[in-house]
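>>> would you be able to build a 3D model of this:
(4 chains)
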2 protein chains.
Amino acid sequence: MKKLKCDLKPNIERQLALTDAIELLSGKWKISILRSLYHSSSLRFKDLAMVSGGVTPKVLSKELQQLEENMLITRTVNNTRPVTVSYALTTHALETLPVIRALVEFGLQHRTNIKGKI
Amino acid sequence: MKKLKCDLKPNIERQLALTDAIELLSGKWKISILRSLYHSSSLRFKDLAMVSGGVTPKVLSKELQQLEENMLITRTVNNTRPVTVSYALTTHALETLPVIRALVEFGLQHRTNIKGKI
DNA sequence: ATGGTCGCTTTCCTATAGGTAAGCAATAGC
DNA sequence: GCTATTGCTTACCTATAGGAAAGCGACCAT
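The predicted structure follows:
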């Protein structure tokens, strides 16, 4: 086994941060939801269901609750009839933008790589 | 519902790339495995099991196979007794580095945010 | 012959993710 | 009274993720 020390203590912290982030953002829809909210700044429940492409209300509801628990989005009930609910990113969620961008770039790159190999 | 057009066609492509990337990298261990390989350039099966912290051989084996299928790592059987197997990143996998870095940064930030709120 | 190491595989199990379908409260329009 | 809309919730089901434990084939040392 090779040497792994270098900056051991911050490295452990970074490993924990990584697993935290993975746990937080795991799931089929969370990242797409965040991306949609980033592009539109504020979306209602039904819009999110459509924009994110195929989420069922049950699952969407659960994902939104988890994102809210983790302070990545805010939930606002509007004074309209029938009642509508708006979701928006918190400032904290802006920290996820580099993640999303990097994922998109990797995905684009991976797609061209795969095409090249066929 | 707000306007969502702007650059519609590339946007769809980016959405597909995003879901591809999420599917590719989903799972409890893949990102940590990639990070470990990035830091050590080449690791054997047992080392990965330890470094990545708690993966069972069955799961590790499966994750490694998936990463190899997607051309993110290479698998090399070494001519040693007993036989050892080395795993390393492909050049293509270097594209995942921004993702990992962004996740770590977000995780670190999130941890301090959470601490601040308690 | 016995036991150890490495890199797995196999079997078994449980918990969760996530989908389908239906319903529900509040309100409004007809 | 009937229906529609919005934002959910509830009940149900299936597939998969992922963990625990054991075994296995090849090799070597004792």
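
>>> every contact and neighbour count from this point should use C-alpha atoms.
Fine.

>>> excluding its backbone neighbours, what's nearest the residue nearest the centre of chain A?
Closest to where the C-alpha atoms of chain A average out (C-alpha atoms, centre = their mean) is residue A:31, at 2.5 Å. Using C-alpha to C-alpha, 6 or more residues apart in numbering or on different chains and skipping the chain neighbours, the partner closest in space to residue A:31 is residue A:25 (6.6 Å).

>>> okay, that neighbour: pLDDT?
Residue-level confidence at residue A:25 comes out at 97, pLDDT.

>>> same question, the one 5 residues further on
Reported pLDDT at residue A:30 in the predicted model: 97.

>>> who's in contact with it?
Applying C-alpha atoms under 8 Å, 6 or more residues apart in numbering or on different chains, we find residue A:30 in contact with A:63-64, A:67.

>>> looking at it, residue A:63 is touching residue A:29, isn't it?
Yes - with the criterion set as C-alpha atoms under 8 Å, residue A:63 and residue A:29 qualify as a contacting pair; they are 7.3 Å apart.

>>> and the top helix by length along chain A with helix B:97-117, angle?
As far as residue count goes, and with DSSP state H defining each element, the longest helix of chain A is helix A:97-117. Counting by axes from the mean of the first three to the mean of the last three C-alpha atoms, to 10 degrees, helix A:97-117 points 160 degrees away from the direction of helix B:97-117.

>>> would you tell me whether helix A:97-117 gets close to chain B?
Yes - part of helix A:97-117 sits close enough to chain B to count as contact by C-alpha under 8 Å from any C-alpha of the partner chain, namely A:98-100, A:102-111.

>>> the residue nearest to residue A:26 when sequence neighbours are not counted - how many residues pack around it?
In space, not counting the residues next to it along the chain, residue A:26 is nearest to residue B:26; the distance is 7.4 Å by C-alpha to C-alpha, 6+ apart. For residue B:26, the count of nearby residues is 16 (other C-alpha atoms under 10 Å in any protein chain shown).

>>> shaky segments in chain A?
When residues are selected by pLDDT under 70, those of chain A lie in A:1-9, A:117-118.

>>> where exactly do the helices run in it?
Secondary structure of chain A, counting by DSSP H: helices at A:8-25, A:30-40, A:45-51, A:57-69, A:97-117.

>>> residues from chain A in reach of DNA strand C?
Proximity of chain A to DNA strand C is assessed by C-alpha under 7 Å from any atom of the strand, with A:27-29, A:55-59, A:81-82 identified as the residues in range.

>>> make it 6 Å
Contact residues, chain A versus DNA strand C (C-alpha under 6 Å from any atom of the strand): A:27-28, A:55-56, A:58-59, A:81-82.

>>> okay, stretch A:40-60 in CSV with CA atoms only?
This file holds the C-alpha atoms of stretch A:40-60, laid out as CSV (Å, rounded to 0.1, in the frame of the first residue of the first chain):
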residue,chain,number,x,y,z
SER,A,40,-36.1,29.7,-13.1
SER,A,41,-35.3,31.1,-9.7
SER,A,42,-38.8,30.1,-8.4
LEU,A,43,-41.1,27.2,-9.5
ARG,A,44,-44.4,25.8,-8.3
PHE,A,45,-45.0,22.2,-7.4
LYS,A,46,-46.6,21.2,-10.7
ASP,A,47,-44.1,23.1,-12.8
LEU,A,48,-41.3,21.2,-11.0
ALA,A,49,-43.0,18.0,-11.7
MET,A,50,-43.1,18.7,-15.4
VAL,A,51,-39.7,20.4,-15.8
SER,A,52,-37.9,17.7,-13.9
GLY,A,53,-39.4,15.2,-16.3
GLY,A,54,-41.5,12.4,-14.9
VAL,A,55,-41.3,12.7,-11.1
THR,A,56,-44.5,11.5,-9.4
PRO,A,57,-46.0,13.8,-6.8
LYS,A,58,-45.2,11.5,-4.0
VAL,A,59,-41.5,11.3,-4.8
LEU,A,60,-41.3,15.0,-5.7
